[in-house]
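Undergrad: quick check, what structure comes out for this input:
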Amino acid sequence: MARWLISLVLLSSVSVAGVANANSTVLELLSDSQSLTPQQLIAQAEKSYPGVISEFDIDVINGELIYEVSMIDTQADTVTEFEFWAKDGKLIRQKVATLEADDRDELKAVRMMQEMDLGFSQLLKTAMGDSTAHIVEAQLDHDLGISYLELKLIDQHGKRRLAFDIENQRPLPLLKWD
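TA: Purely as a prediction, here's the structure:
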């Protein structure tokens, strides 16, 4: 029993150290002044491709930062997923698919943004205010009659989440849903 308990303590400390190390690596990559910031890439994608950005995410592959963007085109009834190099914003991959039933919540939020003549980059700027944190993930959603932006941010103090009401342009209290 004692060996099992010691093994459990050692494994949990290794996994906590691994998560902390992964967070510091992501923060270092996002802080690299040679790369485009998520906000710069998002603005670039908005100008270059049709539709409204509904999701942004980052990935690290072989030590390289990759930005993943999903755009919903309500005219074509499609969702396009893009992958870009963070270093220079070059397109790596693009995949187009027809909107499906599980896209309807994001679609409601996209339509609200279109009605308000609001871009994803504008919404991010408003939601983040004067925060200097880096965006790790951003996604539009619609739940309980509210269209909102969910953000995951990281800075030297760690990760945090926030939700921002699109229609009323104000932060929402976060509920535990994980």
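Undergrad: could you pull out the strands in the chain for me?
TA: 52-61, 64-73, 78-85, 91-98, 134-143, 146-155, 158-165, 170-172 (DSSP state E).
Undergrad: stretch 149-166: how far from the chain's middle?
TA: 9 Å (C-alpha atoms, centre = their mean, to the nearest Å).
Undergrad: please apply the same query to stretch 46-65.
TA: On C-alpha atoms, centre = their mean, the centre of stretch 46-65 falls 8 Å from that of its chain.
Undergrad: likewise for stretch 87-94?
TA: With C-alpha atoms, centre = their mean, you get 17 Å for stretch 87-94.
Undergrad: what's the closest of the strands of the chain to Asp117?
TA: strand 52-61 (11.1 Å; C-beta to C-beta). Any C-beta I mention is one placed from the backbone N, CA and C, and that applies to glycine too.
Undergrad: mind checking the strands of the chain for the one nearest to Ser35?
TA: Nearest of the strands of the chain to Ser35, taken as C-beta to C-beta: strand 64-73 at 6.2 Å.
Undergrad: now the angle from that closest one to strand 134-143?
TA: 30 degrees (axes from the mean of the first three to the mean of the last three C-alpha atoms, to 10 degrees).
Undergrad: tabulate the strands of the chain (JSON lines), appending mean neighbour count.
TA: Listed next are the strands of the chain as JSON lines, based on neighbours: other C-beta atoms under 10 Å:
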{"stretch": "strand 52-61", "mean neighbour count": "18"}
{"stretch": "strand 64-73", "mean neighbour count": "20"}
{"stretch": "strand 78-85", "mean neighbour count": "18"}
{"stretch": "strand 91-98", "mean neighbour count": "11"}
{"stretch": "strand 134-143", "mean neighbour count": "20"}
{"stretch": "strand 146-155", "mean neighbour count": "20"}
{"stretch": "strand 158-165", "mean neighbour count": "15"}
{"stretch": "strand 170-172", "mean neighbour count": "13"}
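Undergrad: Pro38 versus the spatially most central residue of the chain, what's the distance?
TA: Residue closest to the mean C-alpha point of the chain, counted by C-alpha atoms, centre = their mean, is Glu137 at 1.9 Å. Shown here: Glu137 relative to Pro38, a distance of 9 Å by C-beta to C-beta, to the nearest Å.
Undergrad: doesn't Asp155 make contact with Ile135?
TA: No. If you go by C-beta atoms under 8 Å, Ile135 and Asp155 don't touch, sitting 10.7 Å apart.
Undergrad: what bridges to the closest residue to the residue nearest to the centre of the chain other than its chain neighbours?
TA: Nearest residue to Glu137, sequence neighbours excluded (C-beta to C-beta, 6 or more residues apart in numbering): Lys152, at 4.1 Å. Residues in a beta bridge with Lys152, per DSSP bridges, are Glu137, Arg161.
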